[in-house]
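# Next come a sequence and a model predicted from it.
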Amino acid sequence: MIDFELSQEQQQWQRKAREFTEKEIKPLSWKIDKGLTQEYHWPLIGKMAEQGLLSMGIPEEYGGSGLDILTMSIVVEELAVGDGGIAFTATGNSLVPLMIAGTEDQKKEFLALTCNKKRPGLAAFALTEPHAGSDAGAVSTTARHEGHEYVLNGEKCFISNGDLARLYTVFATVDKTKGIRGITAFLVPDDVKGLSRGKLEDKMGFHSSHTGVVVLSDVRIPEENRLGQEGEGFKIAMKVLEVLRVVSCGAVGVGIARAAYEAALRFLTTYSNVRAVAGQQAISFDLADMLASIEASRLMVWKSSWMMDNNLSAGTMSSLTKFYASDMALEVANKGMQLVGHYAYREDYPLEKYVRDAKLLQIYEGTNQISRMVASRGILSG
Ligand SMILES: Cc1cc2nc3c(=O)[nH]c(=O)nc-3n(C[C@H](O)[C@H](O)[C@H](O)COP(=O)(O)OP(=O)(O)OC[C@H]3O[C@@H](n4cnc5c(N)ncnc54)[C@H](O)[C@@H]3O)c2cc1C
């Protein structure tokens, strides 16, 4: 039996997110994008925390909102209509490792950092290195076991919330000769000696989500901060990406595409001189194609989310959703620009921002080539 009607709770969260987007995100989004009001960025994060939008996937017993993945996807789509980077921040992507592999003590200690509504703290997922991107198994940050401590050394790059996080999940190798079986995950608070945050990347889009370098020089952390067992880090990272491909890419992509579609439709139906153009088949068919692909992608996001909520194996479905919804987002944003014409090329019109933001979705959380590779392996292995 298939039922597409959202539950009361899901409708409430959807409404809440829609209102938050209209009232809080939309007025600031383009200004933050242009670097005009960076000082508003942190207060906006604070407001998200107050509304429980920064801790959506964390169970209520730890101070979170306790949403399942499907409800999170519904909320994230709404936030992404206002701003992709803000929606991504709300996914709390960096806490997923702790949710998946943390012990009870680790969850109690570290989840409190971000669930604090008065003083929110962001987290970071630190896997990528200058020479380890798609090939995550090439991680060269080391973790040396000394007594009851680990000593971490290495450099991570392109880390979201790199400069803001209070907690880093760092992936390091305990034995390089073991390849991916040496990779281990560690919980590293931001105030440990030896952790420094390097320069922020000057990016094409997603300006509301900071991306930076994190350097670890003889960082000492207790054994209790190891997430999972030695050698389980790669498995944890892949499990985390399964969730992020759906929520941080798929749902964000649907939201950005919806924003682009709505902007183009508004333009074409508002001005009398362009209304006649909108009636032409070449234009109206584009609108139909845009809406069809948004609807199809949303169904994929919902199905993948539902599969994960029901503990079904979702690796293939999540990868299909990732590349399909992110390719769709860029295509729809680009089509929206084309339909609007020269105004869309102006920086004070939102469409060029949607194109810049959507492009990232094809790159992070595993590039779309890698997502196609994971999906095709799943298909061929039955
Ligand atoms: C804004 C932003 C935020 C990010 N946030 C984070 C974060 O929070 N944490 C984190 O750990 N990382 C983060 N990343 C890094 C991101 O996950 C990597 O960029 C991504 O994994 C790709 O790695 P790479 O850029 O090194 O590309 P490479 O691995 O060098 O790949 C280059 C090209 O080759 C292709 N390619 C590589 N290998 C194969 C293959 N086997 N088959 C087919 N094609 C292949 C890729 O698809 C790509 O097109 C972020 C990146 C960006 C841009």
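Done, it's in. Because the structure is predicted, anything quoted here is derived from the model rather than measured.

# any idea of the pLDDT on the spatially closest residue to E365 that is not a sequence neighbour?
Once flanking residues are discounted, E365 sits nearest to L244: 4.7 Å by CB to CB, 6 or more residues apart in numbering. The way it works is simple: take the backbone N, C-alpha and C, and place the C-beta from them, glycine included. On pLDDT, L244 comes in at 95.

# Isn't L244 up against T91?
Yes: between L244 and T91 there is a contact under CB atoms under 8 Å: 7.1 Å.

# okay, those two: which has more neighbours?
T91 (27 against 22; other CB atoms under 10 Å).

# Could you measure from that one over to the ligand?
Counting by CB to the nearest ligand atom, to the nearest Å, the gap from T91 to the ligand is 11 Å.

# Same check on Y349?
Distance from Y349 to the ligand, by CB to the nearest ligand atom: 23 Å.

# Can you read off the backbone torsions of that residue?
The phi/psi pair for Y349 (degrees, to the nearest 10) reads phi -110, psi 140.

# okay, now the closest residue to it other than its chain neighbours: neighbour count?
Nearest non-adjacent residue to Y349, counting by CB to CB, 6+ apart: Y343, 5.2 Å away. Using other CB under 10 Å, Y343 is surrounded by 13 other residues.

# Just to be sure, Y343 is in a strand?
No: counting by DSSP: H, G, I helix; E, B strand; the rest coil, Y343 falls outside a strand, being helix.

# just checking, it touches F267?
Yes: contact criterion CB under 8 Å: Y343 and F267 qualify, at 7.2 Å.

# The one helix or strand E78 maps to packs against which elements?
Per DSSP states H and E: E78 is located in helix 69-82. Applying 3 or more CB pairs under 8 Å, 6 or more residues apart in numbering; DSSP states H and E, one finds that helix 69-82 makes contact with helix 8-20, helix 84-90, helix 252-270, helix 281-309.

# which stretches of the chain aren't confidently modelled?
Within the chain, the ranges that satisfy pLDDT under 70 run 1, 36-38, 92-94, 272-275, 278.

# So which residues of it form helices?
Remark: helices assigned in the chain by DSSP state H are 8-20, 26-33, 41-50, 69-82, 84-90, 96-101, 104-115, 233-244, 252-270, 272-278, 281-309, 315-340, 351-361, 368-380.

# out of those, deepest packed?
Counting by mean count of other CB atoms under 10 Å, helix 84-90 has the highest mean neighbour count of the helices of the chain, with a mean of 28.

# who touches it?
Here helix 84-90 makes contact (CB atoms under 8 Å, 6 or more residues apart in numbering) with 25, 29, 44-45, 48, 53-54, 56, 75-77, 79-80, 122, 160-161, 205-209, 248, 251-252, 255-256, 354, 357-358, 360-361.

# Can you tell me how far R226 is from the ligand?
18 Å.

# Tell me if I'm right that that residue and Y150 touch.
Yes: contact criterion CB under 8 Å: R226 and Y150 qualify, at 6.7 Å.

# overlap in contacts of the two?
F186.

# I figured N334 hits V355, correct?
Yes: if you go by CB under 8 Å, N334 and V355 touch, sitting 5.7 Å apart.

# From the centroid of the chain, which residue is nearest?
Nearest to the geometric centre of the chain sits S248, at 3.0 Å (CA atoms, centre = their mean).

# who touches the nearest residue to it once chain neighbours are set aside in this structure?
Distance criterion CB to CB, 6+ apart; nearest residue to S248, sequence neighbours excluded, is T91 at 4.7 Å. Shown in contact with T91 (CB under 8 Å, 6+ apart): M56, G57, M72, V76, L244, V247, S248, V252.

# Just give me the neighbour total for the first one.
As a burial measure, M56 scores 25 neighbours (other CB under 10 Å).

# next one: phi and psi at the residue of the chain found nearest the ligand?
Nearest to the ligand, among the residues of the chain, is G133, at 1.8 Å (CB to the nearest ligand atom). G133 adopts backbone torsions of phi -110, psi -90, taken as degrees, to the nearest 10.

# need the strands for the stretch 101-250 of the chain, in chain order.
122-126, 142-146, 149-160, 165-173, 183-189, 195-200, 211-222, 226-227 (DSSP state E, counting those that start in this stretch).

# now the ones you listed in JSON lines, with mean neighbour count?
Output for the strands of the stretch 101-250 of the chain, formatted as JSON lines (neighbours: other CB atoms under 10 Å):
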{"stretch": "strand 122-126", "mean neighbour count": "27"}
{"stretch": "strand 142-146", "mean neighbour count": "16"}
{"stretch": "strand 149-160", "mean neighbour count": "21"}
{"stretch": "strand 165-173", "mean neighbour count": "26"}
{"stretch": "strand 183-189", "mean neighbour count": "25"}
{"stretch": "strand 195-200", "mean neighbour count": "14"}
{"stretch": "strand 211-222", "mean neighbour count": "18"}
{"stretch": "strand 226-227", "mean neighbour count": "22"}
